[in-house]
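1. Structure of the sequence below:
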Amino acid sequence: MPELPEVEVTRLSFADRIAGARVESARLGQPLRWPLGCDPAQLAGRTVRRVRRRGKYLLLDLDEGLLLLHLGMSGSLHFAASQPPPGVHDHFDLVTSRGVLRLNDPRRFGAVVYAGSEASPVAVKLLGRLGVEPLSEAFDLKGFHAGLRRRHAAIKQVLLAGDVVVGVGNIYASEALFLAGIRPTLRASRLSAPRAARLQAAIRDVLARAVEKGGSTLRDFSNAQGESGYFQLEAMVYDRAGQPCKVCGTGIKLLRQGQRSTYFCPHCQKS
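-> Have a look, this model is predicted:
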């Protein structure tokens, strides 16, 4: 599924082009994960002020209210001056004076939700429990370590939960833990401050490099201009089970944690 880097890459690929656009109409296809929350016709006439990201959500700020977009498991956004007639998997079109923003989602786990403001109950429900943004100055070591100390689950699971730090999805959690030399099964509460500092730095490094490389395209991810990502070509452990570690040569191991695949090097990540 698209993770934080892919969502940020998507945002960067169309945010400047849609900013200032006037909404001319909106179209809904088959039902998505959650209802839009308003009549699509009510969006006409509003202006897109900017596009932000919170975790894996994109926030389209309008001059009145905002749209919260989530790509789900298989969704992607495309923004172009014009779009062909919608296909069976095209479930939302926002037609603006600067182009058409289209959500394509074969599995329909994505969502487009209207909220009057970020203080609206629907927005608070979706965003209120998200942890700190890992690429922001708010991601400080003291708060990060304190959050980990309160959690007794495996560190990989705590990272995926998103309430301590948001957006470190499955690919990037495996990569960050490898870079920090931490075994993914270690209880989060057992991390010392120095090890938490290494993990904090690793999370920032991995996510920043992933954004720079356009995200990871494992199946069909592309940004709003149809461009694929290349971070997967640099992966040290993810999806490399049985292959030699690029650092020590030990075979990369695969285990399941909460029904998710975890990749690690048993030598470089001893504890």
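2. quick one, strands of the stretch 151-271 of the chain?
-> Here the stretch 151-271 of the chain has its strands, by DSSP state E, counting those that start in this stretch, at 253-257, 260-264.
3. Which positions within the longest helix belonging to the chain qualify as buried?
-> Criterion DSSP state H: the longest helix present in the chain is helix 193-212. Within helix 193-212, the residues that count as buried by 16 or more other C-beta atoms under 10 Å are Arg195, Ala196, Arg198, Leu199, Gln200, Ala202, Ile203, Arg204, Val206, Leu207, Ala210, Val211. Just so you know, the C-beta spots here come from the backbone N, C-alpha and C atoms, and that holds for glycine as well.
4. got the contact list for the third one?
-> With C-beta atoms under 8 Å, 6 or more residues apart in numbering as the criterion, the residues that contact Arg198 are Ala180, Gly181, Ile182.
5. and of those residues, the nearest to Leu68?
-> Ala180 (31.9 Å; C-beta to C-beta).
6. Name the spans of the stretch 1-150 of the chain whose pLDDT lies under the cut-off.
-> Within the stretch 1-150 of the chain, the ranges that satisfy pLDDT under 70 run 1.
7. how does it look with 80?
-> By pLDDT under 80, the low-scoring segments of the stretch 1-150 of the chain are 1-2.
8. hey, C-alpha coordinates of the longest helix of the chain in PDB?
-> What follows is helix 193-212, C-alpha atoms only, in PDB (Å, rounded to 0.1, in the frame of the first residue of the first chain):
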ATOM      1  CA  ALA A 193      18.100   6.600  24.700                       C
ATOM      2  CA  PRO A 194      21.100   6.000  22.500                       C
ATOM      3  CA  ARG A 195      19.400   3.300  20.500                       C
ATOM      4  CA  ALA A 196      16.200   5.400  20.200                       C
ATOM      5  CA  ALA A 197      18.400   8.200  18.900                       C
ATOM      6  CA  ARG A 198      19.900   5.800  16.200                       C
ATOM      7  CA  LEU A 199      16.400   4.700  15.300                       C
ATOM      8  CA  GLN A 200      15.100   8.300  15.100                       C
ATOM      9  CA  ALA A 201      17.900   9.200  12.800                       C
ATOM     10  CA  ALA A 202      17.400   6.100  10.700                       C
ATOM     11  CA  ILE A 203      13.700   6.800  10.300                       C
ATOM     12  CA  ARG A 204      14.400  10.400   9.100                       C
ATOM     13  CA  ASP A 205      17.100   9.200   6.700                       C
ATOM     14  CA  VAL A 206      15.100   6.300   5.200                       C
ATOM     15  CA  LEU A 207      12.000   8.400   4.700                       C
ATOM     16  CA  ALA A 208      13.800  11.400   3.200                       C
ATOM     17  CA  ARG A 209      15.700   9.200   0.800                       C
ATOM     18  CA  ALA A 210      12.500   7.500  -0.200                       C
ATOM     19  CA  VAL A 211      10.900  10.800  -1.000                       C
ATOM     20  CA  GLU A 212      13.900  11.900  -3.000                       C
END
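9. Offset the numbering so it begins at 37, please.
-> In the new numbering, first residue 37, that becomes helix 229-248.
10. what about that helix, distance to the chain center?
-> Centroid separation for helix 229-248 versus its chain: 16 Å, with C-alpha atoms, centre = their mean, to the nearest Å.
11. one step back: looking at the strands of the stretch 187-307 of the chain, which is closest to Ser307?
-> Ser307 lies closest, by C-beta to C-beta, to one member of the strands of the stretch 187-307 of the chain: strand 296-300, at 11.5 Å.
12. I'd like to check the angle between the closest one and strand 289-293, please.
-> In terms of direction (axes from the mean of the first three to the mean of the last three C-alpha atoms, to 10 degrees), strand 296-300 departs from strand 289-293 by 150 degrees.
13. what lines up beside strand 296-300 in the sheet?
-> Strand 296-300 sits in its sheet next to strand 289-293 (antiparallel), going by DSSP bridges.
14. list the buried ones in the strand it pairs with?
-> Using 16+ other C-beta under 10 Å as the test for burial, strand 289-293 gives Lys289, Gln293.
15. and that strand, what's its mean pLDDT?
-> For strand 289-293, mean pLDDT rounds to 95.
16. All set, thanks.
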